[in-house]
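[1] Mind looking at a prediction? Sequence and model below.
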Amino acid sequence: MKKNIPWNLIISKLEKFDSTDVEFNIWLQEGNNSELFKQLQNLWTDSQYVVSNYNPDVDYYWKKISAQIRKKETSVIPSHLSPLSIKYFYKYFAVAGIIIAFIFFGYYLFTNNTQPQVLPHSFTSFTGKSKLLLPDSTEVWLHSNTTLNYSIGNNVRKVELEGEAYFNVKKDRKVPFFVEANGLKIKVYGTKFNVNSYNLNSNVLVSLEEGSVLVVSSDSSLFLKPGEEVSYDRTNKTLVVKEIENELISPWRDDCVKFEGKDLRYICRYLSKRFSVNIEIDPGLPDNQNYTFTMKDESLNDIIKSMSKVNAFDYKFEGNNRLIIKPKLK
């Protein structure tokens, strides 16, 4: 049996990206609906960008529609016309009205402003990860439960992030690229970096893989170099920089990872980044316990459980995304 697609709910989500509607969320979890919605999001984004750069010939379309309307007005609807024909006749005028309204709305936007408006757009990755190509050719990978609001064009390149994303920014020396994330501002001209800014986390993390970025808080600012990560404390408004391995900058994008002879602390740093979890390891655990395994789509619990069987240790998941690892009690 073919299932109906709730177009009214989908259109509402595409316009507002409000994920609180119960009926829509139920539909989203069924079958391949999540993947279908992602495709619709991409089509919606592309169509909005195309329309925002379209300058219609108003006179041409008005004359053409007017001619068709006059042609219809001079004709008489015969009494033998079927209801379907009459319905089609009125449908024609309805469509014509929509076209006229659309043209004059576009005409107003593009002729009554000294500069064309840059309309904001939004994209949300509900589950898994998604790749988004912005109008300026900047590539953005979005982690799950991440929303990106962006305004691109007319000497403006600005995005607002809620969640986690990896950016490969298109170089443009004349127009810098700005990222705003929970009180932190990042200015770039073309570089690769990761931003972790989930609302539930107390810190915002910016990890730089390539190029240079300027990180600005309300009280201070600093430049990051490749292989560095800055942690912004949202409560104290402080910035702390440390070095970071390249493979730990955006591990959540990896589909398959192979660890060869890596110790517990290294692997936990990776897992902490991949799953956005704060992992605390007891100092009493040795550093000479190494692991070799391949990780694909296993859950964090399954991975830790398997590791605890190779080299015995106890672990416990606590609130606020915390994982505690301690020596095995005898």
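    Arrived safely, thanks for sending.
[2] per-domain residue ranges of the protein.
    For the chain, automatic domain parsing gives the domain ranges 58-111, 118-247, 254-327.
[3] so can I have a markdown table of those domains showing distance to Phe24 and mean neighbour count?
    Every C-beta, even on glycine, is put in place using the N, C-alpha and C of the backbone. Formatted as a markdown table, the domains of the chain follow (distance: least, C-beta to C-beta, whole Å; neighbours: other C-beta atoms under 10 Å):
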| stretch | distance to Phe24 | mean neighbour count |
| --- | --- | --- |
| domain 58-111 | 25 | 11 |
| domain 118-247 | 11 | 18 |
| domain 254-327 | 25 | 14 |
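[4] Tell me the bridge partners for the closest residue in space to Ile281 that isn't next to it in sequence.
    Spatial nearest neighbour of Ile281, excluding adjacent residues (C-beta to C-beta, 6 or more residues apart in numbering): Ile325 at 4.9 Å. Beta-bridge partners for Ile325, by DSSP bridges, are Ile281, Tyr315.
[5] Would you agree Ile325 is in contact with Tyr315?
    Yes - with contact defined as C-beta atoms under 8 Å, Ile325 reaches Tyr315; the gap is 4.8 Å.
[6] any shared contact partners between the two?
    Residues touching both Ile325 and Tyr315 by C-beta atoms under 8 Å, 6 or more residues apart in numbering: Ile304.
[7] can you give me the helices for the stretch 151-300 of the chain?
    For the stretch 151-300 of the chain, applying DSSP state H, counting those that start in this stretch gives helices covering 264-275, 300-310.
[8] Contacts for the last one next, please.
    Put plainly, it is helix 300-310. The contact list for helix 300-310 (C-beta under 8 Å, 6+ apart) reads 264, 267, 271, 274-275, 277, 289, 291, 293, 295, 313-315, 317, 323, 325.
[9] cool, and stretch 245-252?
    By C-beta under 8 Å, 6+ apart, stretch 245-252 touches 129, 141, 143, 164, 166, 193-194, 207-209, 227, 229, 257, 269-270, 273-276.
[10] Who does whichever strand in the chain runs longest pair with, and is each partner parallel or antiparallel?
    Ranked by number of residues, the top strand in the chain under DSSP state E is strand 157-168. Paired with strand 157-168 in the same sheet, following DSSP bridges, are strand 139-142 (antiparallel), strand 146-152 (antiparallel), strand 177-181 (parallel), strand 192-197 (antiparallel).
[11] Now tabulate the helices of the stretch 151-300 of the chain in CSV and tack on mean pLDDT and distance to Ser151.
    Shown next, in CSV, are the helices of the stretch 151-300 of the chain (pLDDT from 0 to 100; distance: least, C-beta to C-beta, whole Å):
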stretch, mean pLDDT, distance to Ser151
helix 264-275, 91, 29
helix 300-310, 92, 36
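[12] Of these, which is nearest Phe37?
    With C-beta to C-beta, the closest approach to Phe37 among the helices of the stretch 151-300 of the chain belongs to helix 264-275: 24.0 Å.
[13] Distance check, Ile304 against Arg269.
    As for Ile304, its distance to Arg269 is 14 Å (criterion: C-beta to C-beta, to the nearest Å).
[14] if I look at Asp255, how far off is Lys129?
    The gap separating Asp255 from Lys129 is 9 Å, by C-beta to C-beta.
[15] And Glu280, by the same measure?
    Distance from Glu280 to Lys129, by C-beta to C-beta: 26 Å.
[16] possible to save the helices of the stretch 151-300 of the chain as a markdown table with distance to Asn199?
    Putting the helices of the stretch 151-300 of the chain into a markdown table (distance: least, C-beta to C-beta, whole Å) gives the following:
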| stretch | distance to Asn199 |
| --- | --- |
| helix 264-275 | 17 |
| helix 300-310 | 20 |
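[17] Many thanks, have a good one.
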